[in-house]
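1. One predicted model, sequence on top.
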Amino acid sequence: MEKRFNVVIVGSGPGGYKVAKFLLEKKLRVCLVEKSLFGGTCLNAGCIPKDYLYNIAVSSLRLKQTFGKIFPLDWEKAIMKIQEKISVLRKNAEEFLKRKGLEIVYGEGELVDEKIIKVENLKLIGDYIVLACGSKPKEEGIHPEDILTGKTFPKKKVLVKGEGPSACELAFILKVFGFEVSILVKDRLLSSLPQIPESFSAKLETAFEELGIEVVEEEIVADTVIVATGREPNLCSELFPFIKKHPSGFVEVDEYLETNVPGVYAVGDIVPPMGASFAFEKARVVAYNIVNGKSLTFEPSKVPVVVTSAYEIGFIGDPSRIVRTEHLSMSLNPKSFVNHKSGILRIGYNEEDKPVFLCGIGHGISEIMNVFSSYMEGSFSHPSYAELIEEVFKQTYVKGS
């Protein structure tokens, strides 16, 4: 059996979902193929459950700092509650796109011709194909998504292996929830993000030590060992034989996010940089280029990155263009001061003395990053309230549509 569409998308994570949404709003006929849960890792086992637990942890910590009392937290109850919410979110998101005309096919997609995706006995023919296959953990073991979904419940003493954003975020959350936490660091915290200076990493390590999170250089005995050492692209070469990949596993694309096969685009974690915020921006670029022709390029420097741990740490912009740096204390702001939201902003200026880079550490950094992003005509961090602007002023966010 064959079905024809304007666009066939493989993967319903942030990249695939947003491409579908943008194109459906342009009245294109769209089919989305998903082999697992609708919404991908971000919705089901990543950004969304992590943000829910992070906000509980931060609120509890602030109450403790203000009143000197410990408010006991129930990890299993929190996990059960967020999974209930995610189930509703997943259903609502799927039904929302179906009402706009999306056809969803569940199963594993295979690119059997340059414009044909095969799912079992069904052939989906698209004028355009968008690959949004996501990513998977690099190493075997218990992963952050296992912890965030309740597939594995951590026991008393936890070792988090890794020094990237996911490891730093989960270590903080688990500690505030009452677990004994150590984090295994080979280089330095957040070393995978060179835009973040070592001084900010050092401040985060100090905050960990103050909370009682032990930073270790060698593996120690623990009741639960969580492997948070990074992810790799999830595009199987056997299922997509026409698509060129780098030795690293990422799909080769041009500046418009088109692969070596004309009319086949790639978004999400199979194209660097990884992360949901980048996936949304890639989706916007691809949707625009499908509708208007190849003319909009992907600029990762215009996407804010925010790590939510013992401090929020974020950045946006191009540090290579900096000729002058200025530091600004967040405590100078009355709202920040009275709410104990101290921190430092590092602003980089170019030769014309215009701000081109912002890096910050403190509390409430995501709000500041999104404001700065608007100045740069960039996108928004995820998850954040600022993303609502896309819905209210989508003609601005989806440039040219």
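-> Okay, I see it. Model, not experiment: these values are computed from the prediction. Numbers count the residues shown, from 1 in each chain.

2. hey, let's count contacts and neighbours off CA atoms from now on
-> Noted.

3. So what's the residue count around Gly13?
-> Gly13 has 26 neighbouring residues, counting by other Cα atoms under 10 Å.

4. how about the nearest residue to it, chain neighbours excluded?
-> Closest residue in space to Gly13, ignoring its immediate chain neighbours: Gly40 at 4.0 Å, by Cα to Cα, 6 or more residues apart in numbering.

5. Verify the stated contact: the one you found with Gly16.
-> No: contact status for Gly40 versus Gly16: not in contact, 9.1 Å apart, counting by Cα atoms under 8 Å.

6. Name the residue in the two with the higher neighbour count.
-> For Gly40 versus Gly16, the count of surrounding residues by other Cα under 10 Å is larger for Gly16: 30 against 24.

7. which stretches of the stretch 251-400 of the chain have low pLDDT?
-> For the stretch 251-400 of the chain, the stretches with pLDDT under 70 are 333-341, 390-400.

8. and Ala20, that one's in a helix?
-> Yes: counting by DSSP: H, G, I helix; E, B strand; the rest coil, Ala20 is located in a helix.

9. got the contact list for it?
-> Counting by Cα atoms under 8 Å, 6 or more residues apart in numbering, Ala20 touches 9, 30, 32, 97, 102.

10. switch the cut-off to 10 Å
-> Going by Cα atoms under 10 Å, 6 or more residues apart in numbering, Ala20 touches 7-9, 12, 26, 28-32, 97, 100-102, 130, 283, 287.

11. got it, and Leu174?
-> Leu174 touches 53-54, 57, 75, 147, 154, 156, 158, 160, 180-181, 213, counting by Cα under 10 Å, 6+ apart.

12. next one: Val307
-> If you count contacts by Cα under 10 Å, 6+ apart, Val307 has them with 164-166, 168-169, 190, 313-315, 361, 365-366.

13. Can I get these in a markdown table including distance to Lys136 and secondary structure?
-> Below are the contacts of Val307 laid out as a markdown table (distance: Cα to Cα, whole Å; DSSP: H, G, I helix; E, B strand; the rest coil):
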| residue | distance to Lys136 | secondary structure |
| --- | --- | --- |
| Gly164 | 15 | coil |
| Pro165 | 16 | helix |
| Ser166 | 13 | helix |
| Cys168 | 18 | helix |
| Glu169 | 18 | helix |
| Leu190 | 20 | coil |
| Ile313 | 24 | strand |
| Gly314 | 24 | strand |
| Phe315 | 25 | strand |
| Ile361 | 29 | strand |
| Ile365 | 28 | helix |
| Ser366 | 26 | helix |
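
14. from these, which is closest to Lys21?
-> Of all those, Lys21 sits closest to Ser366, with 24.7 Å by Cα to Cα.

15. wait, that closest one sits on Val306?
-> Yes: the criterion here is Cα atoms under 10 Å, and Ser366 meets it with Val306 at 6.1 Å.

16. ok, the two, which is more surrounded?
-> For Ser366 versus Val306, neighbours defined as other Cα under 10 Å are more numerous around Ser366 (28 against 24).

17. Next, work out how far apart the more buried one and Ser384 are.
-> Distance of Ser366 to Ser384, given as Cα to Cα, to the nearest Å: 7 Å.

18. next one: Glu377
-> Plainly put, Glu377 is 17 Å away from Ser384 if you go by Cα to Cα.

19. if we can go back for a sec, where do the contact lists of Ser366 and Val306 overlap?
-> If you check Ser366 and Val306 against Cα under 10 Å, 6+ apart, the residues they both contact are 312-315, 360, 381-383.

20. Looking at the residues you listed, which one is closest to Thr325?
-> Of the shared contacts of Ser366 and Val306, the one sitting nearest to Thr325 (Cα to Cα) turns out to be Gly360, at 12.6 Å.

21. For the spatially closest residue to that closest one that is not a sequence neighbour, what is the enclosing helix or strand?
-> What sits nearest to Gly360 in space, not counting adjacent residues and going by Cα to Cα, 6+ apart, is Leu345, at 4.3 Å. Per DSSP states H and E, Leu345 falls inside strand 343-349.

22. Please apply the same query to Tyr52.
-> With DSSP H and E as criterion, Tyr52 is part of helix 47-67.

23. give the contact list for Asn44.
-> 13, 37-38, 50, 82-83, 86-87, 89-90, 145, 148-149.

24. Show the buried residues in the residues you listed.
-> Buried members of the contacts of Asn44, counted by 16 or more other Cα atoms under 10 Å: 13, 38, 50, 82-83, 86, 89-90, 145, 148-149.

25. Sort out for me which of the residues you listed are in helices.
-> Secondary structure assignment by DSSP state H places 50, 82-83, 86, 89-90, 145, 148-149 of the buried ones among the contacts of Asn44 in helices.

26. Which pair of these spans the longest distance?
-> Greatest spatial distance in these: Leu89 and Glu145, 17.4 Å, computed using Cα to Cα.

27. show me the contacts for Gly348.
-> 317-327, 354-359.

28. so where do the helices sit in the stretch 201-350 of the chain?
-> Under the criterion DSSP state H, counting those that start in this stretch, the stretch 201-350 of the chain contains helices at 276-292, 334-338.

29. Minimum distance to Lys123: which of those has it?
-> Nearest to Lys123, of all the helices of the stretch 201-350 of the chain, is helix 276-292, at 21.3 Å by Cα to Cα.

30. Next, the angle from that closest one to helix 47-67.
-> Taking axes from the mean of the first three to the mean of the last three Cα atoms, to 10 degrees, helix 276-292 and helix 47-67 form an angle of 140 degrees between their directions.

31. and the strand holding Leu345, C-alpha only, in CSV?
-> Only the C-alpha atoms of strand 343-349 are listed here, as CSV (Å, rounded to 0.1, in the frame of the first residue of the first chain):
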residue,chain,number,x,y,z
GLY,A,343,24.8,35.8,40.1
ILE,A,344,27.2,37.1,37.5
LEU,A,345,26.6,38.0,33.9
ARG,A,346,29.6,38.1,31.5
ILE,A,347,28.8,40.2,28.4
GLY,A,348,31.0,40.2,25.3
TYR,A,349,31.1,43.1,22.8
